[in-house]
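1. Can you look at this prediction? I've put the sequence above it.
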Amino acid sequence: MRIAVTGSIATDYLMAFPGKITEQLVADQLETVSLSFLIDSLDVRRGGVAGNISYGLGSLGLNPVLVGAVGEDFDEYRTWLEGHGVDTQSVHVSPERHTARFMGTTDAVNNQIASFYPGAMTESREIDLVPVAARFGGLDLVLIGASDPEGMHRHTVQCREHGYPFAADFSQQIARMSGDEVAELVPDAAYLFTNEYEASLLLDKTGWSHEDVLARVGSWVTTLGPAGVRVESTGSETITVPGVPAKTEADPTGVGDAFRAGFFAAASWGVSTERAAQVGCLMATTALEAVGPQEYSIDSATFSRRLADAYGDSARAEVEPFLPTG
């Protein structure tokens, strides 16, 4: 399956605060918030939604095409991704801007405060998907992840014009986009991805009803945190898949990206949507158990066993033949 993954490519600065962020907020002082945290640890990691999803797909044996914009500081990151099966030839390198930076502080109960510097990501609007597709004789799916809004719009329009199936996955960018901008990215998407909060924002900003959204997309995939995921399609029964319990909750950064990687890897194997959601949930938990969105690895025997423990032997039997060997 020829999958192109567009979106942010970033370096993550992940900090751990031993207390609770909510305890630092004063109810009658919320209009003049000034918070400073003494941090216990700092981890510098590779990240960005497109980088994370591509890494996950590569870890499951696929060869996704990464599409995004970076700075000249990308060489080490590029080598890492290529070593995990990711095609990086369609990455645009800015001569002027640094690769984007994500800075997140996570507290003891996994609340998080984050900031994002776009840097070179703003140049993703200059990337043309047509030459990308030409390199592979077409594309079976373009995942349009959170990135420069103009770039997201351009790639959505190109997918419609050239018949590339696409997934709308604007994620955190929905908070800064207008209702009209959001509404432009949804229609004709084969898949729409949101979490519950983003789903509420989508309805509020567009003025659409739940049914209006479903009428515009093939499937609406809503991640539910530890509770798992819900997949809805007009005319089909809703699929709800529970999450996989984590052995430890090390870091929530990139958990949703890992879900998407597992979901689309399994979809490329030709399994059912329910089974794809199960693989996605296990990938999400695997990422949650590591510090950093690309610090987990896939051991096929362990992955198969955990899939069986969570969803039964039939899930393992169906998925195991597709998992990477060696």
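-> Good, I have the coordinates.
2. any idea how far residue 37 is from residue 25?
-> Between residue 37 and residue 25 the distance, using Cβ to Cβ, to the nearest Å, works out to 12 Å. Every residue, glycine included, has its C-beta placed from N, CA and C.
3. what about residue 113, how many neighbours?
-> Applying the criterion other Cβ atoms under 10 Å, we find 15 residues in the vicinity of residue 113.
4. Now the lowest-mean-pLDDT helix or strand in the chain - C-alpha only, PDB.
-> The element with the least model confidence among the helices and strands of the chain, by mean pLDDT, DSSP states H and E, is strand 112-117, at a mean of 85. Output in PDB follows, covering the C-alpha atoms of strand 112-117 (Å, rounded to 0.1, in the frame of the first residue of the first chain):
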ATOM      1  CA  GLN A 112       0.400  18.400  29.800                       C
ATOM      2  CA  ILE A 113       1.200  22.000  28.800                       C
ATOM      3  CA  ALA A 114       2.800  22.300  25.400                       C
ATOM      4  CA  SER A 115       4.100  24.900  22.900                       C
ATOM      5  CA  PHE A 116       5.000  24.400  19.300                       C
ATOM      6  CA  TYR A 117       7.400  26.500  17.100                       C
END
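5. Where do the helices of the stretch 51-200 of the chain begin and end?
-> Under the criterion DSSP state H, counting those that start in this stretch, the stretch 51-200 of the chain contains helices at 75-82, 129-136, 149-162, 179-185, 196-206.
6. between those, which gets nearest to residue 227?
-> Each of these has some distance to residue 227 by Cβ to Cβ; the shortest is helix 196-206, at 9.3 Å.
7. May I see the buried residues of the closest one?
-> Buried residues in helix 196-206, defined by neighbour count with 16 or more other Cβ atoms under 10 Å: 198-199, 201-202, 205-206.
8. Adding distance to residue 231 and pLDDT as columns, could you present those residues in CSV?
-> Compiled in CSV, these are given as follows (distance: Cβ to Cβ, whole Å; pLDDT from 0 to 100):
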residue, distance to residue 231, pLDDT
198, 15, 96
199, 13, 97
201, 20, 96
202, 16, 97
205, 22, 96
206, 20, 97
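9. circling back to that earlier point, out of residue 37 and residue 25, which sits in the busier spot?
-> In this view residue 37 and residue 25 are compared by other Cβ under 10 Å, and residue 37 has more residues nearby, 15 against 11.
10. tell me the most buried of the helices of the stretch 51-200 of the chain?
-> Most buried of the helices of the stretch 51-200 of the chain, by mean neighbour count (mean count of other Cβ atoms under 10 Å): helix 149-162, with a mean of 19.
11. Kindly calculate the angle that that one makes with helix 129-136.
-> In terms of direction (axes from the mean of the first three to the mean of the last three Cα atoms, to 10 degrees), helix 149-162 departs from helix 129-136 by 60 degrees.
12. and helix 149-162, how far from the chain's centre?
-> The gap between the average C-alpha position of helix 149-162 and the chain average comes to 18 Å, counting by Cα atoms, centre = their mean, to the nearest Å.
13. what packs against that helix?
-> Applying 3 or more Cβ pairs under 8 Å, 6 or more residues apart in numbering; DSSP states H and E, we find helix 149-162 packed against strand 3-6, helix 129-136, strand 141-145, strand 166-169, helix 179-185.
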